[in-house]
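> One predicted model, sequence on top.
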Amino acid sequence: MPRLSIIIPAYNEEATILAVLERVAEQRIAGVELEVIVIDDGSTDRTAALLATRADLYARCIRMPRNGGKGAAVKAGLAQASGDFVLFQDADLEYDPVDYARLVVPVLRHNAEVVIGSRLLAPPYARVHYFWHKVANRMLTLLFNVLHNTTFTDIYSCYLLYRRGLLDPAELATTGWQQHAEILGLVVRRGRVYYEVPISYSGRTYAEGKKIRAGHFWPIVATVIWGRFRSLPRR
């Protein structure tokens, strides 16, 4: 039975953290064991206190001493993961864990090593969100595809699943929003079989707590380019 490590970084998500974990706990996938790892990234609200009341909802809870950013939290979670595969889950309700069953199908049937949940590949439903976010995502996806000779439709989807052996978290050089691009670049260069599956999306507004901003765009562009040409150690 393959084990899937679910990495959930959280920063000031008291409004949604337990709801997300409860929804993750509801998932039952034949032939797959779930390992849930939550990282509280130095939250200043009640996130940590709420997590302490529901230890039954996760295998590990990592408490960062201070807010180091999403990338630092992800690295801490990856260092504790023991699964055959890794999947990222945001601590809000933008992405629905019910789509886990879709994401693992290419792994179980086609030996996929990398799977992206695409919000643009005929999803069952998708909340209408910011126009410029969609434009930026399409530009980043096009750049990544040109550099890697791939045909992804949505590289900045949170739902990135990959075989854990493709990546040592100690080699990650970034800790900001661009880390997602660094991880995807590494696992695509090392893997051979990639898939996408459609997922639903209920994006938040800024008023509801959305954190990514326009200023994150150019560091991501730089990371996509650097990630394609960086020297990789043999594995």
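Done, it's in. Residues are numbered from 1 along each chain as shown.

> check contacts around the residue lying closest to residue 174 once chain neighbours are set aside.
Leaving out its chain neighbours, the residue that sits closest to residue 174 by Cβ to Cβ, 6 or more residues apart in numbering is residue 182, at 5.0 Å. Quick note: C-beta positions are derived from backbone N, CA and C, even for glycine. Contact analysis of residue 182 by Cβ atoms under 8 Å, 6 or more residues apart in numbering lists 172, 173, 174, 223, 227.

> cool, residue 35 as well?
Contact analysis of residue 35 by Cβ under 8 Å, 6+ apart lists 3, 4, 5, 6, 59, 81, 82, 83.

> how many other residues sit next to the fifth one?
Looking back up the chat, that one is residue 59. Residue 59 is flanked by 16 other residues according to other Cβ atoms under 10 Å.

> before we move on, what about the second one?
By other Cβ under 10 Å, 24 other residues sit near residue 4.

> Could you verify my assumption that it touches residue 33?
Yes: Residue 4 lies in contact with residue 33 (Cβ atoms under 8 Å); the separation is 7.0 Å.

> list the residues that contact both of these two?
Shared contacts of residue 4 and residue 33, defined by Cβ under 8 Å, 6+ apart, comprise residue 83.

> looking only at pLDDT, what's the mean for the lengthiest helix in the chain?
Assignment by DSSP state H gives helix 131-148 as the longest helix of the chain. For helix 131-148, mean pLDDT is 88.

> Can you list the low-confidence ranges for this structure?
Within the chain, the segments meeting pLDDT under 70 span 123, 125-130, 132, 203-215, 234-235.

> hey, where'd the helices end up in this structure?
17-25, 47-53, 70-80, 100-110, 131-148, 179-190, 217-229.

> For residue 90, which of those helices is the nearest?
helix 17-25 (7.8 Å; Cβ to Cβ).

> Return the set of buried residues in that closest one.
Neighbour counts over helix 17-25 (16 or more other Cβ atoms under 10 Å) mark 17, 18, 20, 21, 23, 24 as buried.

> do the same with stretch 225-233
Under the neighbour-count criterion of 16+ other Cβ under 10 Å, stretch 225-233 has residue 227 buried.

> export that stretch as PDB, just CAs?
C-alpha atoms of stretch 225-233 as PDB (Å, rounded to 0.1, in the frame of the first residue of the first chain):
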ATOM      1  CA  ILE A 225      14.400  29.900 -15.600                       C
ATOM      2  CA  TRP A 226      17.100  29.200 -13.000                       C
ATOM      3  CA  GLY A 227      15.400  25.800 -12.200                       C
ATOM      4  CA  ARG A 228      15.700  24.700 -15.800                       C
ATOM      5  CA  PHE A 229      19.400  25.300 -16.000                       C
ATOM      6  CA  ARG A 230      20.700  24.700 -12.500                       C
ATOM      7  CA  SER A 231      23.200  21.800 -12.100                       C
ATOM      8  CA  LEU A 232      21.600  18.800 -10.500                       C
ATOM      9  CA  PRO A 233      23.500  16.200  -8.300                       C
END
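
> for the spatially most central residue of the chain, what are its contacts?
Centroid-nearest residue in the chain: residue 88, 3.1 Å away (criterion: Cα atoms, centre = their mean). By Cβ under 8 Å, 6+ apart, the contact set of residue 88 is 6, 7, 8, 74, 158, 159, 160, 180.

> ok, now residue 59?
Shown in contact with residue 59 (Cβ under 8 Å, 6+ apart): 35, 36, 37.

> Switch those residues over to TSV; also include distance to residue 168.
TSV is the format used below for those (distance: Cβ to Cβ, whole Å):
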residue	distance to residue 168
35	18
36	22
37	17
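
> circling back to that earlier point, of the contacts of residue 88, which belong to strands?
The strands, defined by DSSP state E, take in 6, 7, 8, 160 from the contacts of residue 88.
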